[in-house]
Each structure stands twice: as structure tokens, then as C-alpha cells.
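Student: could you work out the structure for the sequence below:
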Amino acid sequence: MGYSVDFREKVMEFLDRGNTMSKAGEVFGISVFTVNRWRQKLKNTGELKDEPRRVKFKKIDPHKLKEYVKKHPDAYLKEIGEAFSCSAVAVLKAFRKLNITRKKKPKDSGRKRKSRYSAEF
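Tutor: As a prediction, the model looks like this:
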């Protein structure tokens with residue numbers, strides 16, 4: 001988890017008041033390397049916020065996977081893995097990233113379960 005932009009600005013203001021990077025590290029509880037990196041980032045880009053993280057799919061193209069699942073809805077993970085030359089675990093992880101579920105029935109299938117503690121004797 002990264003530090004907030006407000007916190008980074010406070011550290012930069014502390015440095016602008018004439019304090020050293022090592023003193024800033026001690027006061028704010030961060031490493032001197034981090035303080036230096038933020039200082040360079042502010043100098044080079046003019047801002048302190050990080051770029052948003054990108055989700056990378058290393059083995060499976062997400063568009064091809066979605067198309068494959070549409071064409072083969074009953075395929076096992078192992079079969080999909082063979083089609084994409086990867087393991088079933090890699091397919092499962094890609095499904096999780098894409099929020100694809102393998103449930104065939106909706107959660108509420110309309111069945112009523114009989115309770116063990118019913119009032120009938």
C-alpha cells in the first residue's frame with residue numbers, strides 16, 4: 001500500500017523548511033530512499049501521486065479467454081488451460097481477475113430447504 005499524496009506533501013514541506021532528508025525520514029518514519037525518490041519525482045514530473053497500477057495478464061489474453069468461454073461454456077479449467085497452453089491454475093486466476101464465475105445456477109434456485117428444526121412432528 002502506498003502513502004497518500006497529502007502525507008507526501010507534508011514530507012516535502014518539511015524539506016522545504018530546510019530540514020534534511022535523514023531528519024525527515026526519522027520524523028515521519030520512512031526511509032531516506034523513499035524521501036529522495038519523492039523529491040526526484042516532484043522535480044521531474046511536478047506531482048507526487050503514483051501512476052495507477054495496471055493489471056497484466058502474463059499468459060492469457062483476456063479478450064480471447066472471454067470469447068473461448070462464450071463458445072465453450074461447459075469446458076473444464078484443464079481443457080481451457082490446454083487451449084491456451086497454460087495450467088488450470090493460471091486460467092482460474094485469470095477468471096478471478098476478470099470476475100468470471102463458473103456457476104451454472106443462480107444463487108437462489110427456488111428450492112426451499114426443509115429445516116431440521118421445523119414445527120412439524
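
Student: thinking Phe95 is in contact with Ala88, fair?
Tutor: No: using Cβ atoms under 8 Å as the test, Phe95 is too far from Ala88 to be in contact (10.4 Å). C-beta: built from backbone N, CA, C; applies to glycine.

Student: neighbour-wise, which of those two wins?
Tutor: Phe95 (17 against 14; other Cβ atoms under 10 Å).

Student: let me know the secondary structure of the more buried one.
Tutor: helix (DSSP: H, G, I helix; E, B strand; the rest coil).

Student: what sits against it?
Tutor: 65, 101-102 (Cβ atoms under 8 Å, 6 or more residues apart in numbering).

Student: so which of those is the closest to Met21?
Tutor: Of all the contacts of Phe95, Leu65 has the smallest distance to Met21: 46.3 Å, by Cβ to Cβ.

Student: I'd say that closest one and Lys93 touch.
Tutor: No: contact criterion Cβ under 8 Å: Leu65 and Lys93 do not qualify, at 11.2 Å.

Student: show me where the chain has its helices.
Tutor: Along the chain, counting by DSSP state H, helices occupy 5-16, 21-28, 32-45, 62-71, 77-83, 88-98.
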